[in-house]
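Asks: Any chance you could fold what I've pasted below:
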Amino acid sequence: MAIASVDVAIIGGAVIGSSVAYHLAQRDDFKGSIAVFEKDPSYQHCASALSAASIRQQFSSAVNIDISLYGIDFLRNIGSLLEVDGEHPRIDLVESGYLFLATPDKRSILEENHALQQKMGADIGFLDADALKAKFPWLNVSDLSAGCHGLSGEGWFDGYGLMQAFRRKARSLNVPYEPYQVVHLEKIMGGSWILTLSNGEQVEAGVVVNAAGASGGAQICMEAGFEAPVHSKKRMIFTFECRDEVPGLPLLIDPNGTYVRPEGTGFICGSSPDEEQDPDSFDYDVDYSFFEEHLWPTLANRIPAFEAIKPGAAWAGHYDVNLFDHNAFTGPVPGIEDFYIALGFSGHGLQQSPAVGRGLAEHIVTGRYETLDLSELGVERLTANKPLIERNVV
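Replies: Numbering: from 1, shown residues only. Below you'll find the predicted structure:
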């Protein structure tokens, strides 16, 4: 490795780090150097490759809705935006929507969220129980009061493909990717950062962007002098096939948090465990009893056709979960000059990567957000003890 110094060092080269690299490198008003440091160049263990890769506007906070409205526009146009040498990337975007289901006690939350989403331009339909049954005749609505279905702008895509498209475009703009872990970070006299790499070499950087995710983002923050409440939590995805058809199935979210969506000729499903059964984790072991004892009974109750299924492959990955409020921390860290973070996405990293990458690039170059104001996701809310809470129906 020949890099001795760089203007902007990005730690973490998965979808967030690569989005920052691309958005920064393509700016006409940025003439500095960029380098990305990614300890796992195979990307086989990153969340970008192992998640269910979806996008929605069904949030209760305006900033998250805005982020995803921009995100879906970016994903729809990825072929032209991230084209390299005449090759247009594909991410196989499927806009079949999310379907959030609410029991009577949560209907008012769903109604309030829907009103805000509509006001902001999201294409979300509100359905009472009878309308749900009419639209989705395979659905058990006996305990439901209502549901919200994304009519457009919501769905799923190839997350690994998105990450690689950002990475390839950044590399085409002369951003090098170095296959090393940043094992130590310190500020030196004169204001620069010194990154010590896993190969023993050191790199001096003017600005550091911490996008290391679940595999080291919190530790990098500690090295810089900031304690981030970001933890690595294991999430498992299970696949199965069903003998009967379930036509028009969106990405369905049961009131207990279990989700299911089509994948090829079969289906994938998963759920977050209860907090008391969700320790920090760095292993990739799959607990098949979670499917048998929790997921399958839920799915069979909600969609009776799923009583008879054939389980398939399963895998596990890790989310960088922000235990403060389950929303991302993005932007500069107050009191630590030239140190930016993009961490704690809690499962929303893929869908939020276009807007967050653009926003951080803007802030690094100009000192402010030029397009979408992401300041609500800033670290300041932690020090002020003002969490950004999403009001969900699950």
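Asks: what about E376, neighbour count?
Replies: The number of residues packed near E376 is 17, by other Cβ atoms under 10 Å. In short, each C-beta sits where N, CA and C put it, glycine included.
Asks: same check, this time on the one 3 residues further on
Replies: Number of residues near V379 (other Cβ under 10 Å) recorded here: 23.
Asks: So which residues of this protein form helices?
Replies: Using DSSP state H, the helices of the chain run over residues 15-25, 47-50, 62-76, 78-81, 107-119, 129-135, 159-172, 217-224, 288-290, 296-302, 349-366, 380-383.
Asks: Tell me which of the ones you listed sits most buried.
Replies: Sort these by mean neighbour count, taking mean count of other Cβ atoms under 10 Å, and helix 15-25 sits at the top with a mean of 29.
Asks: Mean pLDDT lowest where, among the helices of the chain?
Replies: Among the helices of the chain, helix 47-50 carries the lowest mean pLDDT, at a mean of 88.
Asks: elements contacting that helix?
Replies: If you count contacts as 3 or more Cβ pairs under 8 Å, 6 or more residues apart in numbering; DSSP states H and E, helix 47-50 packs onto helix 159-172, strand 309-322, helix 349-366.
Asks: Off-centre distance for the second one?
Replies: Relative to its chain's centre, strand 309-322 lies at 15 Å (Cα atoms, centre = their mean, to the nearest Å).
Asks: which parts of that strand are buried?
Replies: Across strand 309-322, burial judged by 16 or more other Cβ atoms under 10 Å covers 309, 314, 316-322.
Asks: orientation of it relative to helix 349-366 in degrees?
Replies: Strand 309-322 and helix 349-366 are oriented at 20 degrees to each other (axes from the mean of the first three to the mean of the last three Cα atoms, to 10 degrees).
Asks: just the first one next, same as before
Replies: Counting by the same axes, to 10 degrees, helix 159-172 lies at 20 degrees to helix 349-366.
Asks: still on that earlier bit, any chance of the helices of the chain in JSON lines, with distance to N327 too?
Replies: Shown next, in JSON lines, are those (distance: least, Cβ to Cβ, whole Å):
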{"stretch": "helix 15-25", "distance to N327": "14"}
{"stretch": "helix 47-50", "distance to N327": "16"}
{"stretch": "helix 62-76", "distance to N327": "7"}
{"stretch": "helix 78-81", "distance to N327": "25"}
{"stretch": "helix 107-119", "distance to N327": "15"}
{"stretch": "helix 129-135", "distance to N327": "29"}
{"stretch": "helix 159-172", "distance to N327": "19"}
{"stretch": "helix 217-224", "distance to N327": "15"}
{"stretch": "helix 288-290", "distance to N327": "25"}
{"stretch": "helix 296-302", "distance to N327": "26"}
{"stretch": "helix 349-366", "distance to N327": "10"}
{"stretch": "helix 380-383", "distance to N327": "9"}
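Asks: And these: which comes nearest V394?
Replies: Nearest to V394 among those is helix 107-119 (9.9 Å), distances taken as Cβ to Cβ.
Asks: Could you check the angle that closest one makes with helix 62-76?
Replies: Using the same axes, to 10 degrees, helix 107-119 lies at 60 degrees relative to helix 62-76.
Asks: Run through the neighbouring helices and strands of helix 107-119.
Replies: Packing partners of helix 107-119 (3+ Cβ pairs under 8 Å, 6+ apart): helix 62-76, strand 98-102, strand 124-128, strand 146-150.
Asks: Out of the ones you listed, flag the one nearest F267.
Replies: Proximity to F267, assessed across those by Cβ to Cβ, is greatest for strand 98-102 (13.9 Å).
Asks: Extract the C-alpha trace of the closest one and format it as CSV.
Replies: Coordinates of each C-alpha in strand 98-102 appear next as CSV, following Å, rounded to 0.1, in the frame of the first residue of the first chain:
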residue,chain,number,x,y,z
TYR,A,98,-45.0,-3.1,2.5
LEU,A,99,-48.1,-4.2,4.3
PHE,A,100,-48.2,-3.2,7.9
LEU,A,101,-51.1,-4.8,9.9
ALA,A,102,-52.6,-3.3,13.0
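Asks: Just checking: what are the partner strands of that strand?
Replies: strand 146-150 (antiparallel), strand 251-253 (parallel) (DSSP bridges).
Asks: Tell me which residues are up against that strand.
Replies: Strand 98-102 is contacted by residues 54, 56, 58, 109-110, 132, 136, 144-150, 154-155, 250-255, 302, 393-394 when judged by Cβ atoms under 8 Å, 6 or more residues apart in numbering.
Asks: all strands for the stretch 151-300 of the chain, in order.
Replies: Shown for the stretch 151-300 of the chain, the strands assigned by DSSP state E, counting those that start in this stretch span residues 155-156, 177-178, 182-187, 193-197, 202-210, 230-242, 251-253, 259-263, 266-270.
Asks: can you tell which of those strands is closest to H114?
Replies: Among the strands of the stretch 151-300 of the chain, strand 251-253 sits nearest to H114 (Cβ to Cβ), with 14.2 Å.
Asks: Contacts made by that closest one with the rest, please.
Replies: For strand 251-253, the external contacting residues (Cβ under 8 Å, 6+ apart) are 54, 56, 96-101, 154-156, 259-261, 302-303, 394.
Asks: would you turn the helices and strands packed on helix 47-50 into JSON lines with distance to A9?
Replies: What follows is the helices and strands packed on helix 47-50, written out as JSON lines (distance: least, Cβ to Cβ, whole Å):
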{"stretch": "helix 159-172", "distance to A9": "14"}
{"stretch": "strand 309-322", "distance to A9": "19"}
{"stretch": "helix 349-366", "distance to A9": "11"}
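Asks: per-residue confidence for S54?
Replies: Listed pLDDT for S54 reads 97.
Asks: Which residues does it form beta bridges with?
Replies: S54 has these beta-bridge partners by DSSP bridges: W156.
Asks: surely it meets E263?
Replies: No - using Cβ atoms under 8 Å, S54 is not in contact with E263; the gap is 11.1 Å.
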